[in-house]
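Chemist: model this:
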Amino acid sequence: MRAGLAGFAGSGKTSLFNALTGLKRGPEAKVHLGAIKVPDARLERLSAIFKPRKTTPAEVLLADLPGPRSKGVSLEIEALQALREVDALCLVLRAFDADADPLRDLRDYDSELILSDLQAAEKRLHRLRQERDSGGETHELQRVAKHLEQGAPLRTLTMSEAEEQALAHFGFLSRRPLLVVVNVAESDAARPVPAALQDAAAGLGADAIALSAEVEAEIAELPAEEQPEYLASLGLAETARARFLRAVYALLHQISFFTVGEDEVRAWTVRRGDRAARAAGRIHSDLEKSFVRAEVMHYDDFIAAGSEHRAREIGKLRLEGKDYVVQDGDILHIRAGGGKR
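Modeler: Next comes the predicted model:
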């Protein structure tokens, strides 16, 4: 799962990238990559119970993406390619000083994505017309182009699964899930997203959160035991990192499941609605191919029962087939052709 921080120069996206990843990257116009370990109290408790040799949290790969060199300048080819390589776009908007106009920046940046998509669609349509091709692709692209010409991102266009698959190779940017990250001043760190920005984001088919990169950077420098007191002084219950990761998970419809044992307790991510065989493939591709059954118990049931043995006795540990839909918080033991994982 890869999320990309995008935005205009001066938005604070690189400062936010450094605060979230713990890295120290400069403002060079290139892609920076860093991994964020996903905090999960359930994983910590499972680790305390099983006392494994290793505890492995889930990770989100975060990319700091190059943006336009200045306002009014179109995205360059390298920047457009970098945008296409992420699963979700996180657009950082400058809102930490009096000169900022985050609403304008949101509209301007999304317009860049729309323009890029429209150019790609029109280029392909021109070639199809030369080939006198009036088939399904032409019809689908005409529908896409009409939507884009109205200034609307493809996030707001309803598509069938077949249409999604047929157009996937275009990598349309305005179709990417979008999280609007409003980068506010320290004094506004605990305030919600302004209503006008929230409405504008919703109109573009996007979610929105407000956070302060400045505050997150300060928190990152504090010892863990001092962080709660500092957060409380600002009226915050949790770090921006936790809220950001939760928003990215929701945006991409991701959930967590766990594997447990003496060697390792680990959190894994799958898309909501994925089935047990697909989850097994996240652990190892061979497990999806040789999948037989999954032993399943939910985290809440395991904690209430107190042990796997007791969970089995009261029917909270059960066998499920490959079509079982994995739930957030499931603990899985995979039975495959070569044994159990």
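Chemist: hey, let's count contacts and neighbours off CA atoms from now on
Modeler: OK.
Chemist: how about residue 118, secondary structure?
Modeler: Secondary structure, DSSP: H, G, I helix; E, B strand; the rest coil: residue 118 is helix.
Chemist: residues contacting residue 152?
Modeler: 114, 204 (Cα atoms under 8 Å, 6 or more residues apart in numbering).
Chemist: any idea whether it is helix, strand or coil?
Modeler: Secondary structure state of residue 152, per three-state DSSP, is coil.
Chemist: so residue 261 sits against residue 47, correct?
Modeler: No - using Cα atoms under 8 Å, residue 261 makes no contact with residue 47, being 9.1 Å away.
Chemist: more neighbours: which of those two?
Modeler: Ranked by neighbour count (other Cα atoms under 10 Å), residue 261 and residue 47 place residue 47 first, with 21 against 17.
Chemist: which ones are touching the more buried one?
Modeler: Taking Cα under 8 Å, 6+ apart as the test, what residue 47 contacts is 55, 265.
Chemist: pLDDT score for it?
Modeler: On the pLDDT scale, residue 47 is placed at 97.
Chemist: tell me which element residue 319 is part of?
Modeler: Using DSSP states H and E, residue 319 sits within strand 318-320.
Chemist: what helices or strands is that strand leaning on?
Modeler: strand 291-298 (3 or more Cα pairs under 8 Å, 6 or more residues apart in numbering; DSSP states H and E).
Chemist: report the rounded mean pLDDT for the strand it packs on.
Modeler: The model assigns strand 291-298 a mean pLDDT of 95.
Chemist: domain map for the chain?
Modeler: Domain ranges of the chain: 1-121+171-253, 273-340, per automatic domain parsing.
Chemist: how about the strand holding residue 319: buried residues?
Modeler: Residues residue 320 are the ones in strand 318-320 that count as buried (16 or more other Cα atoms under 10 Å).
Chemist: in its sheet, what does that strand sit against?
Modeler: Strand pairing for strand 318-320, determined by DSSP bridges: strand 291-298 (antiparallel).
Chemist: so can I have CSV of the domains of the chain showing distance to residue 148?
Modeler: What follows is those, written out as CSV (distance: least, Cα to Cα, whole Å):
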stretch, distance to residue 148
domain 1-121+171-253, 6
domain 273-340, 30
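Chemist: list the residues that contact the residue nearest to residue 283 when sequence neighbours are not counted.
Modeler: Closest residue in space to residue 283, ignoring its immediate chain neighbours: residue 268 at 7.8 Å, by Cα to Cα, 6 or more residues apart in numbering. Shown in contact with residue 268 (Cα under 8 Å, 6+ apart): 57, 58, 256, 257, 258, 259, 282, 283.
Chemist: again, 10 Å this time
Modeler: 56-59, 254-259, 279, 282-283, 329 (Cα atoms under 10 Å, 6 or more residues apart in numbering).
Chemist: so which of those residues wins on neighbours?
Modeler: residue 279 (25 neighbours).
Chemist: surely it is within a helix?
Modeler: Yes - counting by three-state DSSP, residue 279 falls inside a helix.
Chemist: verify the stated contact: it with residue 289.
Modeler: No - when contacts are counted by Cα atoms under 10 Å, residue 279 is not listed as touching residue 289 (11.5 Å).
Chemist: ok, which stretches of the stretch 1-150 of the chain are strands?
Modeler: 2-6, 32-37, 54-56, 59-64, 88-95 (DSSP state E, counting those that start in this stretch).
Chemist: residue 311 is nearest to which of those?
Modeler: Nearest to residue 311, of all these, is strand 54-56, at 22.6 Å by Cα to Cα.
Chemist: sheet-wise, list the partners of that closest one with their directions.
Modeler: By DSSP bridges, strand 54-56 pairs with strand 264-271 (parallel).
Chemist: give me the residue at the spatial middle of the chain.
Modeler: When Cα atoms, centre = their mean is applied to the chain, the residue found nearest the centroid is residue 248 (3.4 Å).
Chemist: residue ranges with poor pLDDT in the stretch 151-300 of the chain?
Modeler: Scanning the stretch 151-300 of the chain for pLDDT under 70 picks out no residues.
Chemist: let me see the ranges of the helices in it.
Modeler: Taking DSSP state H, counting those that start in this stretch, the helices of the stretch 151-300 of the chain run over residues 161-167, 195-203, 213-220, 227-233, 240-251, 276-283, 285-289, 299-305.
Chemist: returning to that earlier point: chain center to the strand holding residue 319: distance?
Modeler: How far strand 318-320 lies from its chain's middle: 30 Å, per Cα atoms, centre = their mean, to the nearest Å.
Chemist: just stretch 36-48 next, same as before
Modeler: On Cα atoms, centre = their mean, the centre of stretch 36-48 falls 19 Å from that of its chain.
Chemist: mind exporting it as PDB, just the C-alpha atoms?
Modeler: These are the backbone C-alpha positions of stretch 36-48, laid out as PDB (Å, rounded to 0.1, in the frame of the first residue of the first chain):
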ATOM      1  CA  ILE A  36       5.400   4.300   8.400                       C
ATOM      2  CA  LYS A  37       4.800   1.500  10.900                       C
ATOM      3  CA  VAL A  38       1.000   1.400  11.600                       C
ATOM      4  CA  PRO A  39       0.300   1.600  15.400                       C
ATOM      5  CA  ASP A  40      -2.300  -1.000  16.500                       C
ATOM      6  CA  ALA A  41      -3.100  -1.600  20.200                       C
ATOM      7  CA  ARG A  42      -4.500  -5.000  19.300                       C
ATOM      8  CA  LEU A  43      -1.100  -6.100  17.900                       C
ATOM      9  CA  GLU A  44       0.600  -4.900  21.100                       C
ATOM     10  CA  ARG A  45      -1.700  -6.900  23.300                       C
ATOM     11  CA  LEU A  46      -1.400 -10.000  21.200                       C
ATOM     12  CA  SER A  47       2.400  -9.600  21.400                       C
ATOM     13  CA  ALA A  48       2.200  -9.300  25.200                       C
END
